[in-house]
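>>> Just a sequence and a predicted model for now, questions to come.
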Number of protein chains: 2
Amino acid sequence: MKLSPWDTIEVKDYSKLFDEFGIQPMFPVFSESYLFRRGIVFGHRDFDKFLEARESGQRVSVLTGIMPSGPMHLGHKMVVDQCVLYQDKGVQTRVLVADVEAMATRGIPEEQARDLAVNEYLLNWVALGLDLKKSDVYAQSNRSVPYYRLAALLSGRVTNAEMTAIYGDLSPAKTVSSLLQSSDILHPQLKEYDGPHNVLVPVGVDQDPHLRLTRGFADKLGLIKPSSTYHRFMSGLDGGKMSSSRPGSYIALNDSTKEALRKVDNALTGGRDTAAEQRKKGGQPERCMVYELLTYHFMPEDKELARIHADCKSGKMLCGECKKILKDRLGAFMDDLRKKREKARPKVKKFTEEMFTC
Amino acid sequence: MKLSPWDTIEVKDYSKLFDEFGIQPMFPVFSESYLFRRGIVFGHRDFDKFLEARESGQRVSVLTGIMPSGPMHLGHKMVVDQCVLYQDKGVQTRVLVADVEAMATRGIPEEQARDLAVNEYLLNWVALGLDLKKSDVYAQSNRSVPYYRLAALLSGRVTNAEMTAIYGDLSPAKTVSSLLQSSDILHPQLKEYDGPHNVLVPVGVDQDPHLRLTRGFADKLGLIKPSSTYHRFMSGLDGGKMSSSRPGSYIALNDSTKEALRKVDNALTGGRDTAAEQRKKGGQPERCMVYELLTYHFMPEDKELARIHADCKSGKMLCGECKKILKDRLGAFMDDLRKKREKARPKVKKFTEEMFTC
């Protein structure tokens, strides 16, 4: 199996990641969050060290990234929910906009990258709970000389063979982007920022190569190795991989409520060919996108989710009824999110004007 | 033939560079400078465009680099002499200290790179005529966000195949250093600096790969392609290549006068085995390091140099007499340079403290 931050990957068996890459299985923690309770955050590296450092009163921080290269969708919401969880626990959070990476590796023009960063991502991040006053939100393109210098100097601490072992063959743009990502993760430990401390990076597992590279650099520089947690990917609504080239495969946070609900109507479910068959055999929630949406986002109540699971399996509840439950919650969520976005717009606009000053 | 900024190269036949790499032969210009008059500056790219722009009153500038990875020697003086020539003609000059490159590609520790930059290079540059008030002298490590951002974005404008065609296989450090060098050359054209204009880069021909890469970037970014001039390399005093691992192969500017004169005593000359043979056959100035030192540095008077050449060829003047002429001039030069360095020290110290603020 190959993990790559630049290709759409599909993980069939998450347990393989433990053996192949040394990712550790997640342990019980933060039971107030269904993302942890349900194993959606399924693995980690040194997360125990992060928690120990925090519990012993040492400085810790959380960092994650936004790639402004397409619409923000529900698959991106999981990392927001995690960051807001840490933020609300008083942990310093940093959110980087990987606009240089988007421009260099994906050819996104600068104006478009900024527009996506603001209107697709940051507005929704703030609507979902990110507090711009508490967080350090920055764009790679505008960060600082120490940040860039670190990225450049890291180039001298890795060979081509090591890069290839981690990423496969890399273009110059991907080489530079990897080094920038490493600096994103490590620069909070510079003397110009907060000095050595444990930085936690909650990410999708496709980003693990960046963590492996960065942990190696931390060792060589005498910095503290970053911790990381990994969450599962959501499936596409059609049961395939989510892909920005197929808008029907995901619900974008900027979709209209009507559009979002229509996508649920068209989503793949675990239903049978006929109502009669389903009543007899029961449904298959494990392959149902409606059930996945409830699990990952819209049904934090475990008992209610368990009831739906049981009633589906037993054939008691058919897909129409289940979809109605999801659509009620999704519709309310989308309406609420839109209102919160509009409320956030002036402060996000002001904030991002300052963020992109140079 | 391969040109490389990272390997010690020896050019046997400069005319091959015209055919193989498209470098143009230098034309008559700046006859007040023996470097131009004698063809030591032997080739160029678009130097005519630089001169035309300057003559028509457009903004132009000159940029060259210092690599703080070893002692500064007479081989480095030619580019200083050229920069001072432009500076004294009123052209804006920029001198970059490639400390990030020295650290990343050569593993020079930061403190050592700074020490070399100041005590080997900048003190001697100022002693040789660089005016810190007129020049923009900077360290890569401390330049600016727009400078670094440009380097990072350039990574998206070149493929591995193009990089390999220019440089051969590159480590991550050399990839990053090449992009930084391109940003060194191009960033003066950014809106944050002076906007689009012709930037001349006087260099040794080993640096031509950076120019080829950078000219390609300029085309893609809609900037003006840099111009460049190329000077010949000096031979080592022992007739081989100059090498920092053989201090006897070069006269370092920080050598004591005594040490410098001793190196001349040991230098390879074009003399014959015996005085009698030399009087009969004449000497061989074309393979004489003493004659080369006079030509490149210490005998700007063409008639006097021609007389020495003739008297050597005819056997009239033997090596001892010729060495004495060189040693008189070299000794005076070294004594004078030392005095000028000491005089420059306080202002260079103050300047470099500000240059390395972060």
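Everything's here; your move. Residues are numbered from 1 along each chain as shown, chains lettered A, B, ... in the order given.
>>> helix/strand/coil for residue A:70?
coil (DSSP: H, G, I helix; E, B strand; the rest coil).
>>> Show the contacting residues for the residue lying closest to it once chain neighbours are set aside.
Nearest non-adjacent residue to residue A:70, counting by C-beta to C-beta, 6 or more residues apart in numbering or on different chains: residue A:244, 4.0 Å away. In this view, the C-beta of every residue, glycine as well, is placed from N, C-alpha and C. By C-beta atoms under 8 Å, 6 or more residues apart in numbering or on different chains, the contact list for residue A:244 reads A:69-71, A:250.
>>> if we go to 10 Å?
A:8, A:69-71, A:73, A:250, A:252 (C-beta atoms under 10 Å, 6 or more residues apart in numbering or on different chains).
>>> ok, now residue A:276?
Residue A:276 touches residue A:315, counting by C-beta under 10 Å, 6+ apart.
>>> how about the residues of the stretch 251-358 of chain A that lie near chain B?
A:357-358 (C-beta under 10 Å from any C-beta of the partner chain).
>>> so which residue of the stretch 251-358 of chain A comes closest to chain B?
residue A:358 (5.5 Å; C-beta to the nearest C-beta).
>>> before we move on, what SS does that residue have?
coil.
>>> hang on, isn't it packed against residue A:138?
No. With contact defined as C-beta atoms under 10 Å, residue A:358 does not reach residue A:138; the gap is 11.9 Å.
>>> So between those two, which is more surrounded?
Just comparing residue A:358 and residue A:138: by other C-beta atoms under 10 Å in any protein chain shown the higher neighbour count belongs to residue A:138, 17 against 11.
>>> what's downstream of the host helix or strand of that one, the next helix or strand?
Using DSSP states H and E, the element containing residue A:138 is strand A:136-139. Once strand A:136-139 ends, the next helix or strand along the chain (criterion: DSSP H and E) is helix A:145-154.
>>> who does that following helix touch, helix- and strand-wise?
If contacts are counted by 3 or more C-beta pairs under 10 Å, 6 or more residues apart in numbering or on different chains; DSSP states H and E, helix A:145-154 sits against helix A:172-186, helix A:208-221, helix B:99-106, helix B:145-154, helix B:172-186.
>>> could you redo the last one with a cut-off of 8 Å?
Where contact means 3 or more C-beta pairs under 8 Å, 6 or more residues apart in numbering or on different chains; DSSP states H and E, helix A:145-154 is packed against helix A:172-186, helix B:99-106, helix B:145-154.
>>> could those helices go into JSON lines alongside distance to residue B:345 and mean pLDDT?
Shown next, in JSON lines, are the helices and strands packed on helix A:145-154 (distance: least, C-beta to C-beta, whole Å; pLDDT from 0 to 100):
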{"stretch": "helix A:172-186", "distance to residue B:345": "35", "mean pLDDT": "98"}
{"stretch": "helix B:99-106", "distance to residue B:345": "20", "mean pLDDT": "96"}
{"stretch": "helix B:145-154", "distance to residue B:345": "28", "mean pLDDT": "98"}
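>>> closest one to residue A:283 among the ones you listed?
helix A:172-186 (41.4 Å; C-beta to C-beta).
>>> packing partners for the closest one?
strand A:60-66, helix A:99-106, helix A:145-154, helix A:160-167, strand A:198-204, helix A:208-221, helix B:172-186.
>>> and these as a markdown table, adding mean neighbour count and distance to residue B:337?
Listed next are the helices and strands packed on helix A:172-186 as a markdown table, based on neighbours: other C-beta atoms under 10 Å in any protein chain shown; distance: least, C-beta to C-beta, whole Å:
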| stretch | mean neighbour count | distance to residue B:337 |
| --- | --- | --- |
| strand A:60-66 | 23 | 51 |
| helix A:99-106 | 25 | 44 |
| helix A:145-154 | 23 | 33 |
| helix A:160-167 | 16 | 42 |
| strand A:198-204 | 24 | 50 |
| helix A:208-221 | 20 | 39 |
| helix B:172-186 | 26 | 27 |
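>>> Residue B:295: which of those is closest?
helix B:172-186 (29.4 Å).
>>> Can I get that closest one in PDB, CA atoms only?
In PDB, the C-alpha atoms belonging to helix B:172-186 read as follows (Å, rounded to 0.1, in the frame of the first residue of the first chain):
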ATOM      1  CA  PRO B 172      16.900  17.900  -2.400                       C
ATOM      2  CA  ALA B 173      19.400  20.500  -1.100                       C
ATOM      3  CA  LYS B 174      20.700  21.300  -4.600                       C
ATOM      4  CA  THR B 175      17.200  21.500  -6.000                       C
ATOM      5  CA  VAL B 176      16.300  24.000  -3.300                       C
ATOM      6  CA  SER B 177      19.600  25.900  -3.700                       C
ATOM      7  CA  SER B 178      19.000  26.200  -7.500                       C
ATOM      8  CA  LEU B 179      15.500  27.600  -6.900                       C
ATOM      9  CA  LEU B 180      16.900  30.100  -4.300                       C
ATOM     10  CA  GLN B 181      19.600  31.200  -6.800                       C
ATOM     11  CA  SER B 182      16.900  31.800  -9.400                       C
ATOM     12  CA  SER B 183      15.000  33.800  -6.800                       C
ATOM     13  CA  ASP B 184      18.200  35.700  -6.000                       C
ATOM     14  CA  ILE B 185      18.500  36.700  -9.700                       C
ATOM     15  CA  LEU B 186      14.700  37.300 -10.300                       C
END
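>>> thinking in terms of the whole chain, how far from its middle is it?
Here helix B:172-186 shows a centroid-to-chain-centroid distance of 18 Å under the convention C-alpha atoms, centre = their mean, to the nearest Å.
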